[in-house]
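In: Using only what follows, build the 3D model:
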Amino acid sequence: MKIVVLAGGLSPERDVSFSSGTMAANALISLGHQAILVDLFFGLPDWDGKTDLFAQAKKLEPFRVSEAEPDLDALRLSRKEGFNDYIGLNVPELCEQADIVYMALHGDCGENGELQAFFDARGLRYTGSGAAGCRNAMDKWISKQLFEAAGVLTPKGTLLKSGDPFDPETLPIPCVVKPCNGGSSIGVSVVTDRRDLYDALRLAFSMENTILVEEYIKGRELSCGILGETPLPPIEIIPLHGFYDYKNKYQAGAAREVTPAEIDDEATARIQTTALKVFRLLGLSVYGRVDFLLTESGDAYCLEANTLPGMTPTSLLPQEAAVVGYSYERLCDTIISLSLQK
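Out: Now for the predicted structure:
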């Protein structure tokens, strides 16, 4: 098949996306597909629309994620044709020539549903969940409201909007401050001292105009992938220092992952059942990943769902899938097959 692997984009998770996309493209090529990696934001300004780029598909060198997120302002200014449109030149035209678009994007530009809706309007096939499910999962406040309405245990939260008055003294300490639509823990702070709260709020508001302040739940960090309608074995994430932030997620050796998680059968079953419930509740399809905190008392708090989980060398979903016999190549191929059945 001819496959466009979309990566990059104008997102703080741009570098993570390139790591996922490079690995996915190489895996698909090894399976015999003509897969080419394309940057959503910069596009193909020099493509004439006639040259068969798929015939030129070749494996790429691995992409290493740096410790810090990219400078998006500099990226905006470096694009020759301007930066009002988040879709680069000739991207839709090339996608129309493909059998399917493999979505290796992370963050708002690929997971908030806008791109999925754009592809739906043009009749283009793509991997992963549809527009509505992506919107539900990307907005942590919408997700939390759906969780609470369905009886899914989740940390209590407060929504704050830039410009609206609020009393910081009413916010709980300890707490977790995060952008409402962010990913990869960018802009997230764990606040244990009220003196640090203002810095945490400023950081989150520098990323978005809407942020979420959640009660802090002490527990083991677990994640449970879904492939099709099947929950995968939960994985436990143990950062060597601090919490599971951007650096600990993508720098090799910064965290230890245990798959399957060393928890009892009852906790495993409860997390898998809840993960599948959340997957369906949000309207997701094909694959995804649901994150939890497991307390000493055995309560599993659902934090969020990821519609396009990372597929980097340190990512969780491929590790979970490997436990049940999925090589990286087979996982990518299964994602393609399930997406074609939508």
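In: shaky segments in this structure?
Out: Across the chain, the stretches falling below the confidence threshold (pLDDT under 70) are 82-84, 183-185, 241-254.
In: Let me see the ranges of the helices in it.
Out: For the chain, the helices defined by DSSP state H cover 14-30, 72-78, 91-96, 108-111, 114-122, 131-138, 140-149, 197-207, 246-250, 265-281, 316-323, 328-340.
In: Look through this structure and report the residue furthest from the middle.
Out: Note on the chain: the largest C-alpha distance from the chain mean falls to residue 50, namely 33.4 Å (C-alpha atoms, centre = their mean).
In: Would you reformat the helices of the chain as a markdown table and include mean neighbour count?
Out: Where you see a C-beta, it was placed from the backbone N, CA and C, and this is true even at glycine. Output for the helices of the chain, formatted as a markdown table (neighbours: other C-beta atoms under 10 Å):
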| stretch | mean neighbour count |
| --- | --- |
| helix 14-30 | 24 |
| helix 72-78 | 12 |
| helix 91-96 | 17 |
| helix 108-111 | 25 |
| helix 114-122 | 16 |
| helix 131-138 | 22 |
| helix 140-149 | 18 |
| helix 197-207 | 17 |
| helix 246-250 | 21 |
| helix 265-281 | 18 |
| helix 316-323 | 21 |
| helix 328-340 | 18 |
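In: Reformat those as CSV; add distance to residue 310.
Out: Putting these into CSV (distance: least, C-beta to C-beta, whole Å) gives the following:
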stretch, distance to residue 310
helix 14-30, 6
helix 72-78, 19
helix 91-96, 22
helix 108-111, 11
helix 114-122, 18
helix 131-138, 15
helix 140-149, 18
helix 197-207, 19
helix 246-250, 8
helix 265-281, 17
helix 316-323, 7
helix 328-340, 12
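In: And these: which comes nearest residue 303?
Out: helix 140-149 (8.4 Å; C-beta to C-beta).
In: can you state the direction angle for that closest one and helix 131-138?
Out: Relative orientation of helix 140-149 versus helix 131-138 (axes from the mean of the first three to the mean of the last three C-alpha atoms, to 10 degrees): 90 degrees.
In: Quick one: distance of stretch 119-134 to the chain centre.
Out: 16 Å (C-alpha atoms, centre = their mean, to the nearest Å).
In: now do stretch 260-269
Out: On C-alpha atoms, centre = their mean, the centre of stretch 260-269 falls 24 Å from that of its chain.
In: Contacts made by it with the rest, please.
Out: Residues outside stretch 260-269 that contact it (C-beta atoms under 8 Å, 6 or more residues apart in numbering): 220, 222, 233, 234, 235, 236, 271, 294, 298, 300, 320, 323.
In: Closest one to residue 41 out of those, please.
Out: Nearest to residue 41 among the contacts of stretch 260-269, with distances taken as C-beta to C-beta, is residue 320, at 29.9 Å.
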